[in-house]
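Enquirer: have a look; sequence and predicted model below, questions after that.
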Amino acid sequence: MNTFIYRTRIEISAEDVFAWHERPGAFERLRPPWERVRVLERSGGIRDGARMTLDIPFGPFRRRWILERRDYEKGRSFRDVQIDGPFAHWDHLYLFEPDGSSACFLEDRIEYALPFGALGKIVGEQLAQKKLRRLFGYRHAVAAGDLEFHSRHLRRSLKILVTGASGLIGSQLVPFLTAAGHDVFMLTRAPSSENNRCIHWNPAAGELDLSRLEGFDAVIHLAGENIAGRWTPEKKRRIRDSRVEGTRFLCQSLARLPNPPKVLVCASAIGYYGDCGEEAVDETSSQGEGFLAQVVGEWEEAAAAARSAGMRTVHLRFGVVLTPAGGALAPMLTPFRLGLGGAIGDGRQYMSWIALDDALGVILHCLMTDSLAGPVNAVSPRPADNCEFVRTLGKVLHRPAILPLPAFAVRLLFGEMGEELLLSGVRAIPAQLQKSGFVFRHENLEAALCFLLGKKRGKGENDLRSTFFI
């Protein structure tokens, strides 16, 4: 039998840390983005008798893992015990130990045994230790980061409507909000759902039940066609219509309510600025040229009805959102791990990036900050050119990044999309966020990639005062 302990001091009370773990969304927030874990079934929360069935990677295979919750003690502890799964034994105790009135120690204590007896211990023990340190280092950092962020921003619980909840940002935004105690509903195109928190809409057909939009404090609008892929005329039409017409329909619907929400945070993009070369741009900079710049300009203008109805409207101009779960980073990982990565074109084009956790924080910060309205650049304050980005990713993955992708090949393979997304660049500065006091978790590119990929943490990351023992 092996014992693994990971312990972190957090500057939040034990009561609040426990409450965060008990709310819906906490498990999703604690799931590392590099792990291909799926929740197959869940009953109950963290109280005795609740169960969770997971589909997890186990070596080259996949395995069902059934866990049961036991020994619930409010504000103090609960336990996960394996009913069936990959381990010969698994008993995971979550402990919340007060350290004064406004801090605590979060401790994960696991007793486990690997399968296949002595052979499993010899072959798998070192790997198991490494994976557990990687997993719980990430989990504790996310828990501490979320809790400290919410302690600065949670003035009160809000009733929030989210569109695009199944997308790259939305799928993490919903648990980020619910774990903080907000009441979240989702606007979905699915024709029907057993989930009473899903509200059907169909912008193309003009379908939306206005009565179900009453009583929301805020709306977060993220829905839109994925811009990746070759831009055929039909693809470009879907990109534009999903953003422009969808936004116009939503805002006109909200404006007809007797008591519309106070604030609308609407996704936008730094594509508004076009190809800027090495020139730094902020929210006061003018609109650029190209298909994306035109679409973004129309997209933001489509929210006019919300502004006219008195809703404080924020247009979040997102840069490249970094997460290994999808977006731009995910398809880069395999070639880079194979040593096939390199600069695109001449590598001088700037890439304005933001880590996913900061993207979530920016959204909630904009909801809670009354002084923010209009365009807001959702990017790290330290953009990188393409050469720096690929060099840093190669360093984090311990692989060379010396095989460039020539500009002519990009144009041949991807056409207009490659020209605007891969060969053009925007050096955007988050002036409005900095002015409003937003604190980034990840400003340094290397440290951000280390965290997102579960690698050894780079310099500049916060010291969470964590210790582990095996």
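Expert: That came in fine, so what should we check first? Since the model is a prediction, treat every value here as computed from it, not as a measurement. Numbering: from 1, shown residues only.

Enquirer: list the contacts for the nearest residue to Ala26 once chain neighbours are set aside?
Expert: Nearest residue to Ala26, sequence neighbours excluded (CB to CB, 6 or more residues apart in numbering): Ala179, at 4.7 Å. Heads up, the C-betas are built off the backbone N, CA and C, glycines and all. Residues near Ala179 by CB atoms under 8 Å, 6 or more residues apart in numbering: 20, 23-26, 29, 146.

Enquirer: can you map out the helices along the stretch 101-250 of the chain?
Expert: Secondary structure of the stretch 101-250 of the chain, counting by DSSP state H, counting those that start in this stretch: helices at 117-153, 170-179, 233-255.

Enquirer: who are the packing partners of the last one?
Expert: Here helix 233-255 is seen to pack against strand 207-208, strand 218-221, strand 263-269, helix 291-301, helix 304-308 when contacts are counted using 3 or more CB pairs under 8 Å, 6 or more residues apart in numbering; DSSP states H and E.

Enquirer: buried residues, that helix. List them.
Expert: Within helix 233-255, the residues that count as buried by 16 or more other CB atoms under 10 Å are 235-236, 239-244, 246-255.

Enquirer: with His89 as the reference, name the closest of the helices and strands packed on helix 233-255.
Expert: His89 lies closest to strand 218-221 among these, at 43.0 Å (CB to CB).

Enquirer: what pLDDT, on average, does stretch 263-273 get?
Expert: Averaged over stretch 263-273, pLDDT sits at 97.

Enquirer: A strand includes Val39, no?
Expert: Yes: assessed by DSSP: H, G, I helix; E, B strand; the rest coil, Val39 belongs to a strand.

Enquirer: any idea how far it is from Glu28?
Expert: Note on Val39: its distance to Glu28, by CB to CB, to the nearest Å, is 8 Å.

Enquirer: mind checking which of these two has more residues around it?
Expert: Taking neighbours as other CB atoms under 10 Å, Val39 and Glu28 compare with Glu28 leading, 16 against 12.

Enquirer: spatially nearest residue to that one (excluding sequence neighbours)?
Expert: Using CB to CB, 6+ apart and skipping the chain neighbours, the partner closest in space to Glu28 is Pro175 (3.8 Å).

Enquirer: picking up where we left off before, minimum distance to Phe336: which of the helices and strands packed on helix 233-255 has it?
Expert: Nearest of these (CB to CB): strand 263-269, 24.7 Å.

Enquirer: which neighbours does the helix or strand just after that closest one have in its sheet, and in what orientation?
Expert: For strand 263-269, the following helix or strand on the C-terminal side (DSSP states H and E) is strand 280-281. Using DSSP bridges, strand 280-281 pairs in its sheet with strand 427-428 (parallel).

Enquirer: re the thing from before, between the helices of the stretch 101-250 of the chain, which one is closest to Gly290.
Expert: Short answer: helix 233-255, nearest of the helices of the stretch 101-250 of the chain by CB to CB, at 11.7 Å.

Enquirer: give me the pLDDT for the nearest residue to Leu114 once chain neighbours are set aside.
Expert: Closest residue to Leu114 apart from its sequence neighbours, by CB to CB, 6+ apart: Gly120 at 3.8 Å. On pLDDT, Gly120 comes in at 72.

Enquirer: isn't Gly120 up against Ala88?
Expert: Yes: contact criterion CB atoms under 8 Å: Gly120 and Ala88 qualify, at 7.4 Å.

Enquirer: now the common contact residues for those two.
Expert: Joint contacts of Gly120 and Ala88 (CB under 8 Å, 6+ apart) are Leu114.

Enquirer: most distant residue from the middle of the protein?
Expert: Relative to the centre of the chain, the most outlying C-alpha is that of Ala118, 40.0 Å out, by CA atoms, centre = their mean.

Enquirer: identify the residues contacting it.
Expert: Contacts of Ala118 by CB under 8 Å, 6+ apart: none found.

Enquirer: what ranges does the stretch 351-470 of the chain have for its strands?
Expert: Along the stretch 351-470 of the chain, counting by DSSP state E, counting those that start in this stretch, strands occupy 353-355, 374-378, 384-385, 427-428, 466-469.

Enquirer: looking at the ones you listed, spot the one closest to Asp48.
Expert: Of all the strands of the stretch 351-470 of the chain, strand 466-469 comes closest under CB to CB, at 27.5 Å.

Enquirer: stretch 49-64 spans what distance, first to last residue?
Expert: End-to-end distance for stretch 49-64, by CA to CA, to the nearest Å: 18 Å.

Enquirer: which positions in it come out as buried?
Expert: Residues of stretch 49-64 classed as buried: 50, 52-54 (neighbour count, 16+ other CB under 10 Å).

Enquirer: now swap in stretch 402-419 and tell me
Expert: 404-405, 407, 410-411, 414, 416-419.

Enquirer: sitting in helices, which of the residues you listed do you find?
Expert: 407, 410-411, 414, 416-417 (DSSP state H).

Enquirer: who touches stretch 310-317?
Expert: The contact list for stretch 310-317 (CB under 8 Å, 6+ apart) reads 254-255, 260-270, 272, 283, 296, 300, 303, 306-307, 362-363, 366, 370, 372-379, 428.

Enquirer: buried members of those residues into ChimeraX, please.
Expert: Buried residues among the contacts of stretch 310-317 (16+ other CB under 10 Å), as a ChimeraX selection:
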select :254,255,260,261,263,264,265,266,267,268,269,270,272,283,296,300,303,306,307,362,363,366,372,373,375,376,377,378,379,428
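
Enquirer: which SS state does Asp48 fall under?
Expert: Going by three-state DSSP: Asp48 is coil.

Enquirer: so who does the residue lying closest to it once chain neighbours are set aside touch?
Expert: Nearest-residue entry for Asp48: Tyr72, 5.0 Å, with adjacent residues in sequence omitted and distances by CB to CB, 6+ apart. Taking CB under 8 Å, 6+ apart as the criterion, Tyr72 is in contact with 46-48, 78.
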